[in-house]
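[1] Next comes the sequence, and after it the predicted model I'd like to discuss.
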Amino acid sequence: MADDSGAAPTPHPMAPHPMDSIGVVDLMLGVPSDRDSWYANFQGLLKDTESRSFGHGAAYMFKDLPQVDGTVDFIAYLLAEMDLWGIDKGLLPVNFGDTWGTRGVTEHPDRLYGSYLVDPNLGVQAVRDLRRAVDELGVIAAACFPTGLHPQVDINEPLMYPIYAACCELEIPMCINAGVPGPRFPFGPQHVEHLDQVCYDFPELVLVTRHGSEPWEDLMVKLMLKWPGLHYSTSAFAPKHYPRAIIDYANTRGADKVMYAGYFPSGLSLERIMTEMRDVGFRDHVWTKFLRDNALRVFNMA
């Protein structure tokens with residue numbers, strides 16, 4: 001982050017680490033959002049009055065939320081932050097007519113790649129929109145937030161199936177939130193057990209979970225052992241809070257299944273993520289897979 005002079009600071013010197021020579025791939029970069037309006041976007045789901053005061057859906061869980069100067073060119077700022085903290089490539093949300101995402105992936109196709117957020121409540125139109133996003137915006141992944149939909153949609157609900165089928169046909173992964181959500185609405189649609197039926201019904205589908213899968217991380221490990229297409233990303237978790245079961249799995253049979261995803265600028269700074277990352281207990285052979293190789297393979301990044 002730039003100081004008052006406008007110059008980007010040099011990170012504090014740190015002891016050598018296996019991650020230092022890896023061009024990291026971040027599977028959840030974001031674009032600036034209007035934090036004052038987030039409540040309006042989910043007001044059909046939220047009932048508690050305290051959420052009205054939050055500047056982030058899970059503000060009670062995060063502190064020191066990154067602040068982005070609304071006057072800066074965000075894409076230039078994002079690339080500078082990526083360079084500063086060793087991020088080579090990243091997955092960025094794009095939409096038709098958006099301000100930053102589409103521009104970012106268009107102007108920097110060697111570094112920024114698009115994901116498209118789907119709403120299964122739109123029925124067949126959701127499939128048409130996803131196909132159009134792949135054709136016109138070049139997106140390489142679909143994404144869905146089941147508990148954040150209005151009405152909510154279970155991971156294994158029939159409304160999701162046409163989208164899963166489209167992902168198989170388009171040969172793109174589906175990034176899907178799993179586990180208890182941060183915002184204060186029901187967790188039922190994101191219960192990790194729902195993934196089992198989806199993986200059974202769509203053996204060709206590549207699924208990458210987001211946002212922790214807690215408190216069912218042990219079940220998540222069991223399902224990843226069972227289903228070849230099921231993967232885990234670490235989005236929205238500061239590294240010091242990565243679930244122990246996931247670290248242990250990556251260090252043993254799951255080195256090819258667990259991959260890094262951040263949460264910048266939505267809730268975590270790259271400075272915090274990459275500083276804390278050095279203390280995660282991955283074995284030496286896991287680091288390159290976790291921070292780069294798995295993402296390149298699973299998301300077919302050039």
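    Everything's here; your move. Predicted model, so just to flag it, every value in this text is computed and none were measured.
[2] now Gly114, what's its secondary structure?
    strand (DSSP: H, G, I helix; E, B strand; the rest coil).
[3] Per-residue confidence, Ala40, what does it come out as?
    Per-residue confidence at Ala40 stands at 73 (pLDDT).
[4] wait, I meant His56
    Looking at His56, its pLDDT reads 66.
[5] Kindly report the same for Asn156.
    98.
[6] Give me the number of neighbouring residues for it.
    20 (other CB atoms under 10 Å). Every residue, glycine included, has its C-beta placed from N, CA and C.
[7] Which of the helices or strands spans it?
    Under the criterion of DSSP states H and E, Asn156 resides outside all helices and strands.
[8] can you tell me how far it sits from Val192?
    Distance from Asn156 to Val192, counting by CB to CB, to the nearest Å: 11 Å.
[9] joint contacts of the two?
    Counting by CB atoms under 8 Å, 6 or more residues apart in numbering, Asn156 and Val192 have no shared contacts at all.
[10] Quick one: name whatever helix or strand follows the lowest-mean-pLDDT helix or strand in the chain.
    For the chain, the helix or strand with the lowest mean confidence is helix 38-41, at a mean of 71 (criterion: mean pLDDT, DSSP states H and E). Using DSSP H and E, the next helix or strand after helix 38-41 towards the C-terminus is helix 74-84.
[11] Which strands or helices does that next one pack on?
    Taking 3 or more CB pairs under 8 Å, 6 or more residues apart in numbering; DSSP states H and E as contact, the helices and strands that helix 74-84 lies on are strand 87-93, helix 101-107, helix 270-277.
[12] And the next helix or strand after the longest one, how far out from the chain middle?
    Looking back up the chat, that one is helix 270-277. Using DSSP H and E, the helix or strand that follows helix 270-277 towards the C-terminus is helix 287-288. Distance of helix 287-288 from its chain centroid, counting by CA atoms, centre = their mean, to the nearest Å, is 18 Å.
[13] swap in stretch 182-201?
    16 Å.
[14] Only the buried residues of it, if you could.
    Judged by neighbour count (16 or more other CB atoms under 10 Å), stretch 182-201 contains these buried residues: 182-185, 189-192, 194-196, 198-199.
[15] With stretch 152-171 instead?
    152-156, 159-160, 163-164, 166-168, 170.
[16] Format those residues as TSV; extra columns: secondary structure and distance to Arg111.
    Shown next, in TSV, are the buried residues of stretch 152-171 (DSSP: H, G, I helix; E, B strand; the rest coil; distance: CB to CB, whole Å):
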residue	secondary structure	distance to Arg111
Gln152	coil	34
Val153	coil	33
Asp154	coil	35
Ile155	coil	31
Asn156	coil	35
Leu159	helix	34
Met160	helix	31
Ile163	helix	27
Tyr164	helix	29
Ala166	helix	27
Cys167	helix	24
Cys168	helix	27
Leu170	helix	22
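[17] Dump those residues into TSV; add distance to Gly97 as well.
    Below are those laid out as TSV (distance: CB to CB, whole Å):
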residue	distance to Gly97
Gln152	26
Val153	24
Asp154	30
Ile155	28
Asn156	32
Leu159	25
Met160	25
Ile163	21
Tyr164	26
Ala166	22
Cys167	23
Cys168	28
Leu170	22
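[18] right, and Met28 touches Thr209 too?
    No: in this structure Met28 lies outside contact range of Thr209 using CB atoms under 8 Å: 11.6 Å.
[19] hey, what's in contact with both of those two?
    Ser233.
[20] how about the helices and strands packed on helix 74-84, which one is nearest Gln43?
    Of all the helices and strands packed on helix 74-84, the one in closest proximity to Gln43, counting by CB to CB, is strand 87-93 (21.3 Å).
[21] Identify all contacting residues around the closest one.
    Residues contacting strand 87-93 (CB under 8 Å, 6+ apart): 23-31, 78, 81-82, 100-101, 104-105, 110-117, 140-141, 143, 175, 261, 270, 292, 295, 299, 301.
[22] Next: stretch 250-258.
    221, 224-225, 230-234, 246, 249, 281-283, 285-286, 289-290, 294.
[23] quick one on the thing from earlier: closest to Pro265 out of the buried residues of stretch 182-201?
    Nearest to Pro265 among these, with distances taken as CB to CB, is Gly182, at 15.8 Å.
[24] Verify the assumption that the closest one is located in a helix.
    No: the assignment for Gly182, made by three-state DSSP, is coil rather than a helix.
[25] Relative to Met220, how far out is it?
    According to CB to CB, Gly182 and Met220 sit 17 Å apart.
[26] now do Leu170
    25 Å.
[27] Just the CA trace of stretch 293-302, in CSV.
    Presented in CSV, the C-alpha positions along stretch 293-302 are these (Å, rounded to 0.1, in the frame of the first residue of the first chain):
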residue,chain,number,x,y,z
ASP,A,293,0.7,-25.3,-9.8
ASN,A,294,-2.7,-26.6,-8.6
ALA,A,295,-4.4,-23.4,-9.7
LEU,A,296,-2.7,-23.4,-13.1
ARG,A,297,-3.8,-27.0,-13.7
VAL,A,298,-7.3,-26.9,-12.3
PHE,A,299,-8.3,-23.6,-13.9
ASN,A,300,-6.4,-24.2,-17.2
MET,A,301,-4.5,-20.9,-16.9
ALA,A,302,-2.0,-20.2,-19.7
